[in-house]
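**Q** Here is my input; please provide its structure:
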Amino acid sequence: MKKRIYCLDTSVIINMHRDFKIERFPGLWGKLDDLIEDGRLFIHRQVYEELQAKGTESCLRWKNSLPKRCVIEMDGFQGAIVGQITSDHAYLRSYYVQPENKNKADLFLVAIGKLNHWCVVSDEGKKEWKIPDICKKYNVECLDKWGLMEAEDWTF
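**A** Here you go, the predicted model:
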């Protein structure tokens with residue numbers, strides 16, 4: 001069976017740092033380190049930037065410790081998929097043209113999932129314009145932090 005490759009959203013990283021502090025849940029963070037070491041866990045450059053703006057001190061330390069190979073840069077292939085998504089859904093187009101939303105990673109995560117057949121991991125709710133819904137519309141697997149732990153069969 002092919003092992004999943006994951007791309008994390010800002011929401012799941014912030015929530016995991018809040019809910020599962022590294023010093024209290026070293027086993028969980030060790031499992032995430034194993035995914036990184038195996039080349040199965042990534043973040044998008046947009047997530048990296050969002051963490052810089054919104055993340056706690058713990059999030060920033062974690063983000064800064066990631067190997068460069070774990071940060072996916074933007075490219076034209078992603079841009080084409082993001083363009084298609086915003087073309088298909090006027091509400092997303094109007095949302096992302098607002099200056100306060102211009103650096104949002106959401107659609108780039110869907111694009112990465114679509115292009116590479118990776119699983120997007122997000123703790124966003126299931127509203128029409130949130131990551132889980134957009135992933136579903138574009139046949140991209142999406143899990144929350146609990147789904148990641150279950151998919152990897154982690155026990156603590």
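**Q** which intervals of this structure have sub-threshold pLDDT?
**A** 96-97, 99-103, 128 (pLDDT under 70).
**Q** Tell me the secondary structure at residue 153.
**A** What DSSP: H, G, I helix; E, B strand; the rest coil gives for residue 153 is coil.
**Q** do the same with residue 24
**A** coil.
**Q** what sits against it?
**A** If you count contacts by Cβ atoms under 8 Å, 6 or more residues apart in numbering, residue 24 has none. All C-beta spots, glycine's among them, are computed from the backbone N, C-alpha and C.
**Q** Count the neighbours of the nearest residue to residue 22 once chain neighbours are set aside for me.
**A** Leaving aside its sequence neighbours, residue 22 sits nearest to residue 29 (Cβ to Cβ, 6 or more residues apart in numbering; 5.0 Å). Counted by other Cβ atoms under 10 Å, the residues lying close to residue 29 total 17.
**Q** Please apply the same query to residue 7.
**A** Residue 7: 26 neighbours (other Cβ under 10 Å).
**Q** Ok, the one 3 residues further on next?
**A** Residues lying near residue 10 (other Cβ under 10 Å) number 27.
**Q** Which element, helix or strand, includes the nearest residue to it once chain neighbours are set aside?
**A** Counting by Cβ to Cβ, 6+ apart, residue 50 is the residue found nearest to residue 10 once chain neighbours are left out, at 4.2 Å. If you go by DSSP states H and E, residue 50 is part of helix 45-54.
**Q** ok, residues contacting that helix?
**A** Residues outside helix 45-54 that contact it (Cβ under 8 Å, 6+ apart) are 8-10, 13-14, 43, 59-60, 63, 71-74, 103-105, 108-109.
**Q** Of these, keep whichever come out buried.
**A** Buried residues within the contacts of helix 45-54, counting neighbours by 16 or more other Cβ atoms under 10 Å: 8-10, 13-14, 43, 59, 63, 71-72, 104-105, 108-109.
**Q** And the residues you listed, which is closest to residue 22?
**A** When these are compared for distance to residue 22 (Cβ to Cβ), residue 59 wins out at 10.3 Å.
**Q** so that closest one touches residue 21, yeah?
**A** No: in this structure, residue 59 is not within contact of residue 21 by Cβ atoms under 8 Å, at 11.2 Å.
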